[in-house]
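> what follows is a predicted structure for the sequence shown.
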Amino acid sequence: MTKKTSTDCCAEPDTGLISVELARQRMLDLVAPVTAYESLELQQSLGRTTAQSVLSTIDVPPFDNSAMDGYAIKVNPVLQGKVWYRQIGSSFAGSPFTGTIAENECIRIMTGAVIPEGSDAVIMQENVAVQADEVQIDLNEVSPGQNIRYAGEDLKTGATLLHPGKRLRQADIGLLASVGLNSVSVFRKLRVAILSTGDELRSVGQALKPGQIYDSNRYTLRALLEQPGIDVIDLGIIADDPGSIREAFSLAAGSADAIISSGGVSVGDADYVKEILEETGTVDFWRIAMKPGKPLAFGQIDQCIFFGLPGNPVSVMATYYQFALPALRKMMGQGYEPFRTYQANCLTALRKTPGRTDFQRGLLSQNESGQLEVSTTGGQGSHLLSSMSHANCFIILPAGSSDIEAGSAVTVQPFAELIY
């Protein structure tokens, strides 16, 4: 009996390829979040991921206060119609009125100011008549609690502000500051090593000789990984040599949580990445039923997760978004939440061969009626990086579909949904 490998268990019948959905799920099942965490000041924590629950230390707001500029009174349910009140003072934000309001008395109050003792309603300044220190209020338009923001209305002491795994946004920083917290526990930064393989590659700034090209993939990956929760380790260009690749993998595995390489994962005579990964670690799956990006080696070297992306530049971006990014987010403690997709009317005909899920580059817009429309950005070759630069979404065509006629409904995945 032939030994069943991990690749065999994930392969779809007949094709030998793993579906996008199955490959992504297998990958997510295998990666785990980092466990170490650190305490950061709020101003340093934007974009980082909470490692613990954060609880409120106070009520928010901490006292009853006015929702607008106006006059604070004690509502007398017996009185009706227009009644004159005597103004006995003022309450400003940060400078409250210290006395007590009696019947037929009021105070001038500003938005955010403490509600004075004895009062239970605030009347908008636009709805009163004022003569000297007398204020006329129509009680038919007043009810207890009107225009008052009560203590703890937003948050109670001990309430959970944020759960573990929350990527901190600007509003979250403000929320933590609103309860007086000046620091927060976050997972440590993920260390990701990147490298490109290929004898034909040269770094930007070097002169090209015949047969050579610039290494755009490493610059693309670095830009994709430029986010607060990741430290990038750039190992540069590695020659198409088994010894050099083995040495680079060993170095990366000893210092990083994840490795992302580009190139060398196909079946050419100089494609050694999958071979070296099998020697030094494990390959969990290799070929995926997607276009662009069929050759993708996913595995592990010791405790380091490995993503061997294809060499063509569009394939690098497509496979990074669909596989590496979800895995990295889980490793950063954020869990996995599927990227949102939408339905749009396709304005152009699309060519498609059944068998693989296509991620074609598209330009998504909204017409005058508010409906989503999408058109192709042109050639869909995996080497055409300009078509990716002009696009703002993927047009996702299912594996079993064929050519798409203009006017058909298609699924789109805006790049904005993929940005960290």
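Nice, I can see it. Residues are numbered from 1 along each chain as shown.

> now do the end-to-end distance for stretch 178-196.
By CA to CA, to the nearest Å, the extent of stretch 178-196 from end to end equals 46 Å.

> name the residues of it that are buried.
178-179, 181, 184-196 (16 or more other CB atoms under 10 Å). All C-beta spots, glycine's among them, are computed from the backbone N, C-alpha and C.

> just stretch 35-49 next, same as before
Buried residues in stretch 35-49 (16+ other CB under 10 Å): 37, 40, 42, 45, 47, 48, 49.

> wait, which of those residues is closest to residue 212?
Closest approach to residue 212 among those (CB to CB): residue 47, at 37.0 Å.

> ok, the closest one - contacts?
For residue 47, the contact set (CB atoms under 8 Å, 6 or more residues apart in numbering) comprises 167, 168, 227, 228, 229, 420.

> output the buried residues of stretch 35-49 in JSON lines, with distance to residue 112, pLDDT and secondary structure appended to each entry.
Supplementary listing: the buried residues of stretch 35-49 in JSON lines, determined by distance: CB to CB, whole Å; pLDDT from 0 to 100; DSSP: H, G, I helix; E, B strand; the rest coil:
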{"residue": "37", "distance to residue 112": "36", "pLDDT": "95", "secondary structure": "strand"}
{"residue": "40", "distance to residue 112": "30", "pLDDT": "97", "secondary structure": "strand"}
{"residue": "42", "distance to residue 112": "22", "pLDDT": "96", "secondary structure": "helix"}
{"residue": "45", "distance to residue 112": "27", "pLDDT": "97", "secondary structure": "coil"}
{"residue": "47", "distance to residue 112": "30", "pLDDT": "94", "secondary structure": "coil"}
{"residue": "48", "distance to residue 112": "31", "pLDDT": "96", "secondary structure": "coil"}
{"residue": "49", "distance to residue 112": "33", "pLDDT": "96", "secondary structure": "strand"}
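
> got any ranges where the protein has weak pLDDT?
Scanning the chain for pLDDT under 70 picks out 1-15, 266-270, 419-420.

> I'd like to know how far residue 334 sits from residue 250.
Distance of residue 334 to residue 250, computed by CB to CB, to the nearest Å: 29 Å.

> hmm, back to that, which ones among the buried residues of stretch 178-196 map onto strands?
184, 185, 186, 187, 190, 191, 192, 193, 194, 195, 196 (DSSP state E).

> I figured the fifth one was touching residue 229, is that so?
What that stands for is residue 190. Yes: using CB atoms under 8 Å, residue 190 is in contact with residue 229, at 5.9 Å.

> follow-up on the earlier one: want to throw the buried residues of stretch 35-49 into CSV with distance to residue 357?
Shown next, in CSV, are the buried residues of stretch 35-49 (distance: CB to CB, whole Å):
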residue, distance to residue 357
37, 37
40, 39
42, 42
45, 37
47, 30
48, 33
49, 30
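
> which residues does residue 24 contact?
When contacts are taken as CB under 8 Å, 6+ apart, residue 24 is in contact with 322, 323, 326.

> just send these back as a markdown table, with neighbour count too.
Output for the contacts of residue 24, formatted as a markdown table (neighbours: other CB atoms under 10 Å):
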| residue | neighbour count |
| --- | --- |
| 322 | 24 |
| 323 | 23 |
| 326 | 22 |
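
> sweet, I'm off.
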